[in-house]
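Student: requesting a structural model of the entry that follows:
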Amino acid sequence: MSAYLLDWAMLLTRWLHVMAGIAWIGASFFFIWLDNRRQPARHAVDGRPGGELWAVHGGGLYHLFRHDGVSETLPSEIHWFKWEAYVTWLSGMGLFTLIYLLQPQAYLIDPRVFEMSGTLAVCSALGLLVGGWLGYEAICRSPLKRNAGGLFVAVGVWLTLAAWLATELFSGRAAFLLMGALMGSIMAGNVFNVIIPGQKALLAAAQRGETPDPMHGQRAKQRSVHNTFITLPAVLMMISNHYPLLYANEYRLGVILLLLVTGGLIRIATVDHHKGVKRLWVPVGALLALIGVIVLCAPRPQAVSPATESSEPVAASGTVGEQGALREQVTHIIEQRCAGCHSDTPNLIGLTAPAAGVAFNGWEDIQRQALRIHQRTVVDKSMPLANMTQMTDAERQMLDDWWKASQ
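Tutor: Numbers count the residues shown, from 1 in each chain. Predicted structure coming up:
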């Protein structure tokens, strides 16, 4: 596949993934809100009591009614909310394959974290996803399923173990993305394996005139609660690749765990709000966890290597000759380490245009992007990606000197 067509494949797959994800999570949020805001119905429908809610949207008035229990008299057409989840997962795995599995050297591997071959990286990533999902299923089907608190703790420990493994094996960017993919797989698996089959069993029993087995409803509710908790952290993990400040630090495991806590508590706070419940510790806990993330991700003072310790920083008031020499050195570093991806004619396989739309075609481009260069190469060291071009500490120190001299 040519680089041009590969770009289009990634764009269209990402587009589909985002659209399907909005539909899935939007529907999920709507029904949770509906359940929490409905009031006891004034009149029964088909002889059955239930809850109702009136709403206005798009110029129309809606009367929503939820039956208590399942009626044996069902309409010929019932809308199922499942394809949003399936398409989101399938398109997400397609995008993961196009970007990470087809380009493991660029996106999965960081020799500073763990050195391995591309084949081993791909197998390890797939193993993490499959093993993580199977482990979750095994925990949920164990005797712990009868103890909601114990099950919640066990799932949390399992996700912690998966996060530790991801941060020990893969690049920071890949570790966060893999955790998002694992949580998305758990959510989609809950829909496919438990929630939809449980709902079908309930309706089938009602149509046969039998009393539905409450187990189906209990299991579906349990998995829905899990999905509610991990929705927001999963979304944040998915978009984390746009924000190296999250993963380009030494505390990636701590950041992931605190983001799980933050997202889960924010979701609980919104549900509490719908129910009219006030628990101050929930939003306070979310805020403290978020502050913890900000602290962990904060830039640290740079360690100066012996090779660069004796070099004299170039002052802003340096001579014309010193400034000219610094300009030549910085230009050389950018051309050698960055222009392979960030130029109008990138030479990295798979690129037909400057990565992220950032091009360094000359000194003017370098000066204009000075802040961005400093942030990515010196502060969070997220660039070059996986340090593929092997930028040295001395070169990063040179870029730092240049940045300080320009201020």
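
Student: for stretch 367-380, give the mean pLDDT please.
Tutor: Taken as a whole, stretch 367-380 has a mean pLDDT of 83.

Student: that stretch: end-to-end distance?
Tutor: End-to-end distance for stretch 367-380, by Cα to Cα, to the nearest Å: 19 Å.

Student: show me which residues of that stretch are buried.
Tutor: 369, 373-380 (16 or more other Cβ atoms under 10 Å). In short, each C-beta sits where N, CA and C put it, glycine included.

Student: format the residues you listed as CSV; extra columns: distance to Tyr86 and secondary structure.
Tutor: Converted to CSV, those look like this (distance: Cβ to Cβ, whole Å; DSSP: H, G, I helix; E, B strand; the rest coil):
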residue, distance to Tyr86, secondary structure
Gln369, 41, coil
Ile373, 42, helix
His374, 44, helix
Gln375, 39, helix
Arg376, 37, helix
Thr377, 41, helix
Val378, 44, helix
Val379, 41, helix
Asp380, 36, coil
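
Student: let me know whether Val194 touches Val225 as I believe.
Tutor: No: counting by Cβ atoms under 8 Å, Val194 does not reach Val225; the two are 11.7 Å apart.

Student: tell me which of the two has more neighbours.
Tutor: Neighbours per residue (other Cβ atoms under 10 Å) separate Val194 from Val225, with Val194 holding more: 21 against 15.

Student: got the confidence number for the more buried one?
Tutor: On the pLDDT scale, Val194 gets 94.

Student: out of the buried residues of stretch 367-380, which two sit at the greatest distance?
Tutor: Taking Cβ to Cβ, the two most distant members of the buried residues of stretch 367-380 are Gln369 and Asp380; they sit 15.4 Å apart.

Student: host element of the residue lying closest to Gln199 once chain neighbours are set aside?
Tutor: Nearest residue to Gln199, sequence neighbours excluded (Cβ to Cβ, 6 or more residues apart in numbering): Ala220, at 6.6 Å. Ala220 is part of helix 214-239, with elements assigned from DSSP states H and E.

Student: name the helices or strands packed onto that helix?
Tutor: helix 3-37, helix 118-141, helix 148-169, helix 172-190, helix 196-207, helix 252-275 (3 or more Cβ pairs under 8 Å, 6 or more residues apart in numbering; DSSP states H and E).

Student: any buried residues in the last one, and which?
Tutor: When you say that, I think you mean helix 252-275. Residues of helix 252-275 classed as buried by neighbour count (16+ other Cβ under 10 Å): 252-271.

Student: pLDDT on it, on average?
Tutor: pLDDT averaged over helix 252-275 gives 92.

Student: helix or strand next in line after that helix, which one?
Tutor: Sequence-wise, the next helix or strand downstream of helix 252-275 (DSSP H and E) is helix 281-297.

Student: residues touching that next one, excluding its own?
Tutor: 245-246, 249, 251, 254-255, 258-259, 261-262, 265-266, 268-269, 272 (Cβ atoms under 8 Å, 6 or more residues apart in numbering).

Student: which one of these is nearest Leu34?
Tutor: Using Cβ to Cβ, these come closest to Leu34 at Asp272, 16.0 Å.

Student: I'd like the distance between the closest one and Gly51.
Tutor: 19 Å (Cβ to Cβ, to the nearest Å).

Student: which residues touch the spatially closest residue to Ala163 that is not a sequence neighbour?
Tutor: Distances taken as Cβ to Cβ, 6+ apart put Ile256 closest to Ala163, at 4.5 Å, once the chain neighbours are dropped. Counting by Cβ under 8 Å, 6+ apart, Ile256 makes contact with 163, 166-167, 175-176, 179, 237.

Student: quick one: Ile256 and Met183, what's the gap?
Tutor: 11 Å.

Student: any common contacting residues for the two?
Tutor: Met237.

Student: farthest-separated two in the contacts of Ile256?
Tutor: Every pair of the contacts of Ile256 checked by Cβ to Cβ; the farthest is Thr167 and Met237, at 12.3 Å.

Student: out of those two, which sits in the busier spot?
Tutor: Met237 (27 against 24).

Student: in contact with the more buried one, which residues?
Tutor: By Cβ under 8 Å, 6+ apart, Met237 lies in contact with 176-177, 179-180, 183, 256, 259.

Student: then Gly47?
Tutor: By Cβ under 8 Å, 6+ apart, Gly47 has no neighbours at all.

Student: Phe65: what secondary structure?
Tutor: strand (DSSP: H, G, I helix; E, B strand; the rest coil).

Student: quick one: pLDDT of it?
Tutor: 86.

Student: in the sheet, who's paired with it?
Tutor: Glu52 (DSSP bridges).

Student: that one: what's it in contact with?
Tutor: Phe65 makes contacts with 41, 45, 50-52, as judged by Cβ under 8 Å, 6+ apart.

Student: low-scoring pLDDT stretches of the stretch 1-150 of the chain, where are they?
Tutor: Flagging of the stretch 1-150 of the chain using pLDDT under 70 yields the residue ranges 1-3, 46, 70-73.

Student: what about the stretch 251-400 of the chain, any weak spots by pLDDT?
Tutor: Applying pLDDT under 70 to the stretch 251-400 of the chain picks out residues 301-321, 349-353, 356-357.

Student: please repeat the previous calculation with a cut-off of 80.
Tutor: 299-324, 347-358, 372, 375, 380, 382, 385-386 (pLDDT under 80).

Student: show me which residues of stretch 100-108 are buried.
Tutor: Those would be 100-104, 106-108, for stretch 100-108 by 16+ other Cβ under 10 Å.

Student: would you mark the buried spots in stretch 113-124?
Tutor: So for stretch 113-124, counting by 16+ other Cβ under 10 Å, buried means 113, 116, 120-122, 124.

Student: so Ala386 touches Asp110, yeah?
Tutor: Yes: with contact defined as Cβ under 8 Å, Ala386 counts as touching Asp110 (4.6 Å).
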